[in-house]
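Enquirer: Output the structure for:
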Amino acid sequence: MKLAEGIDEVIALGDFPTPEDAAAYWNEGVAKAPFEDLTYEGGAGQPQAARLYRGGDAGTLLYIHGGGWAGGSIALHEPSAAGMALESGWDVLSISYRLAPAHPYPAGLEDCRAALAWLAAKGGKVAIGGASAGANLALATALSTDAELAGLVLFYGVFGDDFETESYRRHENGPGLTRARMRELFAMYDPKETRDELIAPLKADLRGLPPALLVAAEVDVLLSENSAMAQALNSAGVPTQWHVEPGVTHGFINRGRLVPAANACISRAATFLRETLK
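Expert: Numbering: from 1, shown residues only. Reported below is the predicted structural model:
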């Protein structure tokens, strides 16, 4: 399978010594949106960090970082958050939340719900989105809130709990995310093996959700469940835009320093916010 421009270099880089080192590398040269660091009251009443990227007054996208429910950060998702703000005319509120394994399900989801309630109380148009586990949390939040949402922006989300799909078999050992790693992450996030519709949203009743954009990576164990989610949303009557980016691996959306396709997909998301949700 032919990999997209820059993906070979991403693979060769491997893991960085610390998340801070990774953020410093991937954020170098990224266009900077004006931002404000904030806190919100999480689901257990404790303060959680947030960063509001200023893009315009069209609305606010609540953006939830990935990292397998057990890692990731606001800083590691700055390329996509700032990029969407700069191009869409929307503000982007990127949030932190409690992480597994110290805080298993539903702690992180409770924080995301609290952040949405806090944001919705301020008034104005609100959409929700995320990447990977963040997309899972974004969709789970949308499925369990009374807040009115304008749309969903979901990058290569975790939507199912079936490790025997075609893409899991094809990409079992990578490159990038592996089946073994996903099993580990599920065990940390859901040690009681609840596996309900808020952990695996393919099991949920999706009717009534707002318009959605789904962007998947072609070279990803999660491709099959992203395709299944796009089909399920369409079947539920949800206006859905579906895009598979050729030759890219899981996590590519924040690799724009080396991967031009990342910046193109950020622009795609910004266009969705700006034009579809206007």
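Enquirer: Strands of the stretch 51-200 of the chain, residue ranges please.
Expert: Ranges of strands in the stretch 51-200 of the chain, per DSSP state E, counting those that start in this stretch, are 60-64, 91-95, 126-131, 152-155.
Enquirer: Redo those strands as a markdown table? Include mean neighbour count.
Expert: Heads up, the C-betas are built off the backbone N, CA and C, glycines and all. What follows is the strands of the stretch 51-200 of the chain, written out as a markdown table (neighbours: other Cβ atoms under 10 Å):
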| stretch | mean neighbour count |
| --- | --- |
| strand 60-64 | 29 |
| strand 91-95 | 27 |
| strand 126-131 | 28 |
| strand 152-155 | 30 |
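Enquirer: want to try a markdown table for these, with distance to Glu41 and mean pLDDT as columns?
Expert: Shown next, in a markdown table, are these (distance: least, Cβ to Cβ, whole Å; pLDDT from 0 to 100):
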| stretch | distance to Glu41 | mean pLDDT |
| --- | --- | --- |
| strand 60-64 | 15 | 99 |
| strand 91-95 | 12 | 99 |
| strand 126-131 | 17 | 99 |
| strand 152-155 | 24 | 99 |
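Enquirer: now those strands in CSV, with distance to Leu273?
Expert: As requested, these are exported to CSV (distance: least, Cβ to Cβ, whole Å):
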stretch, distance to Leu273
strand 60-64, 6
strand 91-95, 9
strand 126-131, 7
strand 152-155, 7
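Enquirer: and the next element down the chain from the helix or strand encompassing Gly247?
Expert: Following DSSP states H and E, one finds Gly247 within strand 240-249. Next in sequence after strand 240-249, counting helices and strands by DSSP H and E, comes helix 260-271.
Enquirer: Show me what that following helix is packed against.
Expert: With contacts defined as 3 or more Cβ pairs under 8 Å, 6 or more residues apart in numbering; DSSP states H and E, the packing partners of helix 260-271 are helix 78-88, strand 152-155, strand 212-219, strand 240-249.
Enquirer: one step back: what residues of the strand holding Gly247 count as buried?
Expert: By neighbour count on 16 or more other Cβ atoms under 10 Å, the buried set for strand 240-249 is 240-242, 244-245, 247-249.
Enquirer: I'd guessed Leu177 sits against Asp220; true?
Expert: Yes: look at Leu177 against Asp220 with Cβ atoms under 8 Å: they come within range, at 6.4 Å.
Enquirer: Quick one: closest of the strands of the stretch 51-200 of the chain to Glu78.
Expert: strand 91-95 (7.6 Å; Cβ to Cβ).
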